[in-house]
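Q: Everything below, folded, please.
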Amino acid sequence: MRKMNWKLALALAFALSLMTTACGGSGSQKLEEVDGVTKIRVGTTGLTVHAPLYIAEQKGWFEEAGLDVTLEVLSGGAAIIPAMLNGELHFGASNIPSALLAAQNGIDLRAVAANNVSADSVDDVEFLTSAVVAPQDGPIDTPADLQGATIAVNGLHSVGDLTISLAMRELGLDPNDVKFIELGLPEMIGALEAGRVDAAWVVEPFLGAAKAAGMSPVLYNWVEARPGLPIGAYYATADFATENAAVVDKFREVVDRATVYAAEHPEEVRSIVGMYTKVPEAAANAMALPVLVTSISRSGVVAIADEMLERGSLNSAPDYDSIFALIYDE
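A: Below is the predicted model of the structure:
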């Protein structure tokens, strides 16, 4: 039933985006240039992982490249992709599963810059930004306890539940009897405290807040699914990328520059995250930081697609290379 509801929801989202265009939304990705500067709109989810965008904006690197950037925060990839389709955004951050689902539904995207991958090991504590958490005094203490549990994620058939399932399989567990429900990331702690769910998937900066509220990590789903697993990227529609190759190149160059800088200056990441989120300074200073990268592995994309095929999220293997070739590291 979850598969049918997800496909219906996705279809409705794309249909709504097209209706918005027809009814007077911005409706076009046509670029506006003023005095040699190109205006672009970029969708983010406002999480720690997108700090490079805010660093680049703060330091004037987009401006140096001739780009006037507006950063717009949306709820997730499922909202960002339709916003690119209807012309509200030129570029958007999203996770790998959302891009693969879009391809299955006839939406042609191109990954134009890489974003983040999972840590290399569960011992890399400073880079464990994603975890399934549960109350410290509750019945869930180990990954095995998640079998039969109700777990909250911020989107069904997306990077949360897919990597949880993949991680459980890697640990020899059966994820098929796990019930996933959808909640917004800010709602997770309250749902756990109220007993509405048994466990919840959170990412930074919410992971630190969950720990402070008495929740314990039970499964580090990203890294336990696969070390170095590709998680996110920045996308444009295929048509926009083809018609505006020079702008795409400029955007990628700035993002890559900012990504390398952010990886080398964690203190600046913590500082700027506190500026564009509501995370208190103490929490920002204590939180784990994402593994920021300028390229991802093709084998990692295939591993995600294979899990989506296994769970019925995808009907057939999409053309990975047409989407991600620009940011492969191999």
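Q: which SS class is F240?
A: helix (DSSP: H, G, I helix; E, B strand; the rest coil).
Q: Next, count neighbours for the closest residue to it other than its chain neighbours.
A: Counting by C-beta to C-beta, 6 or more residues apart in numbering, F240 lies nearest to Q29, which is 4.9 Å off, once chain neighbours are set aside. Backbone N, C-alpha and C define where each C-beta goes, glycine included. Using other C-beta atoms under 10 Å, Q29 is surrounded by 21 other residues.
Q: who's in contact with Q29?
A: 84, 87, 90, 237, 239-240 (C-beta atoms under 8 Å, 6 or more residues apart in numbering).
Q: how near is it to E88?
A: Distance of Q29 to E88, computed by C-beta to C-beta, to the nearest Å: 9 Å.
Q: Same check on T129?
A: In terms of C-beta to C-beta, T129 sits 28 Å off from E88.
Q: now G312
A: Note on G312: its distance to E88, by C-beta to C-beta, is 31 Å.
Q: Compare these two (neighbour count), which wins?
A: Neighbour count, other C-beta under 10 Å: between G312 and E88, E88 has more, with 22 against 13.
Q: Quick check on I107: phi, psi?
A: As for I107, its main-chain torsions (degrees, to the nearest 10) stand at phi -100, psi 120.
Q: circling back: going by neighbour count, which of the contacts of Q29 are buried?
A: Among the contacts of Q29, those classed as buried by 16 or more other C-beta atoms under 10 Å are 84, 87, 90, 237, 240.
Q: Enumerate every residue touching the last one.
A: To tie it back to what came earlier, the one meant is F240. Contacts of F240 by C-beta under 8 Å, 6+ apart are 29, 84, 90, 248.
Q: Of the buried ones among the contacts of Q29, which is the nearest to A288?
A: Using C-beta to C-beta, M84 comes nearest to A288 of the buried ones among the contacts of Q29, at 29.4 Å.
Q: Could you list every helix and strand in contact with the helix or strand harbouring the closest one?
A: Per DSSP states H and E, M84 falls inside helix 77-85. For helix 77-85, the contact count by 3 or more C-beta pairs under 8 Å, 6 or more residues apart in numbering; DSSP states H and E identifies helix 2-22, strand 37-44, strand 91-95, helix 96-104, strand 230-237 as packing neighbours.
Q: how about a cut-off of 7 Å?
A: Counting contacts by 3 or more C-beta pairs under 7 Å, 6 or more residues apart in numbering; DSSP states H and E, helix 77-85 is packed against helix 2-22, strand 91-95, helix 96-104, strand 230-237.
Q: Doesn't the residue nearest to F240 lie inside a strand?
A: No: read with three-state DSSP, Q29 is coil and lies in no strand.
Q: okay, it: pLDDT?
A: Listed pLDDT for Q29 reads 74.
Q: separation between N116 and T242?
A: For N116 relative to T242 (C-beta to C-beta), the value is 26 Å.
Q: So which of the two has more stuff around it?
A: N116 (28 against 12).
Q: Now the more buried one: phi and psi?
A: The phi/psi pair for N116 (degrees, to the nearest 10) is phi -150, psi 160.
Q: Likewise for G138?
A: Dihedral angles (degrees, to the nearest 10) for G138: phi -90, psi -180.
Q: Measure how buried it is and give me the count.
A: 16.
Q: again, but for D319
A: Count around D319 with other C-beta under 10 Å applied: 10.
Q: try G184
A: Neighbours of G184 using other C-beta under 10 Å come to 13.
Q: Quick check: it touching G155?
A: No: under the criterion of C-beta atoms under 7 Å, G184 makes no contact with G155, lying 9.6 Å away.
Q: quick one, strands of the stretch 51-200 of the chain?
A: For the stretch 51-200 of the chain, the strands defined by DSSP state E, counting those that start in this stretch cover 67-73, 91-95, 109-117, 130-135, 150-153, 179-182, 199-203.
Q: Then the stretch 201-330 of the chain?
A: Taking DSSP E, counting those that start in this stretch as the criterion, the stretch 201-330 of the chain carries its strands at 215-219, 230-237, 291-292.
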